[in-house]
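Q: I would like the atomic coordinates for the input below:
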Amino acid sequence: MILYHGGNVQVIQPEVIKSNRSLDFGTAFYMTSDYEQAKKWAKLTSERKKQGVPTVNEFEFNDTALSEISVLHFTETSTEWLKLISACRTQHENASEYDLIIGPVANDRTIDVISLYLIGVYDEYEAIRRLLAFKLTDQYAFKSEKALDYLKYRRSIYV
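A: Numbering: from 1, shown residues only. Presented below is the predicted three-dimensional model:
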């Protein structure tokens, strides 16, 4: 399977680096199977950091890993997905018991719904009902070195 990492630099050897931002699934090396999403992330990262060049790094993921590492896989938005994202974003939960977490991206289009859930305007069922209207791309959060070992660098594309 081909996965992409969008950033502002070439990444040949991925690492799990602690971020100062609260991310969907906590500290991880984030990837997606959607090239266009990775391209957007690359441009946003370069703009936010005001350095580097928007770069999409392409990797091959040996998916035999899915049976050899600890994986949490959300196939769609769900109450469990929403609770984990909320905990990671607000309580800096890290879900470090998993090597890899796969699930939909809570992106800029969904932030209003998630924010209203976090302050209690929506309960989890109303938030999920509203989130199902969005076509969300996927994200792969590689949370351990063990998981990263299943990635093989292919190339970097400057966008």
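
Q: use CA for all of it now, contacts and neighbours both
A: Will do.

Q: show me which positions of stretch 127-143 end up buried.
A: Within stretch 127-143, the residues scored as buried using 16 or more other C-alpha atoms under 10 Å are 127, 128, 131, 136, 137, 138, 139, 140, 141, 142, 143.

Q: can I get that stretch in CSV, CA atoms only?
A: Output in CSV follows, covering the C-alpha atoms of stretch 127-143 (Å, rounded to 0.1, in the frame of the first residue of the first chain):
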residue,chain,number,x,y,z
ALA,A,127,-21.8,15.3,16.7
ILE,A,128,-21.4,12.0,14.9
ARG,A,129,-24.6,12.6,13.0
ARG,A,130,-23.3,15.9,11.7
LEU,A,131,-19.8,14.5,11.0
LEU,A,132,-21.2,11.7,8.8
ALA,A,133,-22.1,14.4,6.3
PHE,A,134,-18.4,15.1,5.6
LYS,A,135,-16.4,12.9,3.2
LEU,A,136,-13.3,12.6,5.4
THR,A,137,-9.9,11.3,4.2
ASP,A,138,-7.9,8.8,6.1
GLN,A,139,-4.9,9.2,8.4
TYR,A,140,-2.4,6.7,9.6
ALA,A,141,-0.7,7.6,12.9
PHE,A,142,2.5,5.6,13.3
LYS,A,143,3.1,5.7,17.0
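
Q: now do the same contact list for residue 6.
A: By C-alpha atoms under 8 Å, 6 or more residues apart in numbering, the contact list for residue 6 reads 31, 37-43, 45, 54-57.

Q: that one - that's part of a strand, no?
A: Yes - assessed by DSSP: H, G, I helix; E, B strand; the rest coil, residue 6 belongs to a strand.

Q: any weak-confidence spans in the protein?
A: Within the chain, no stretch has pLDDT under 70.

Q: any idea which residue is closest to the centre of it?
A: For the chain, residue 139 is the residue whose C-alpha lies nearest the centre (C-alpha atoms, centre = their mean; 3.9 Å).

Q: right, and that one touches residue 37 too?
A: No - judged on C-alpha atoms under 8 Å, residue 139 makes no contact with residue 37 at a distance of 9.4 Å.

Q: now the strands for this structure?
A: Along the chain, the segments classed as strands by DSSP state E run 2-7, 29-31, 55-61, 71-73, 100-104, 138-142, 151-158.
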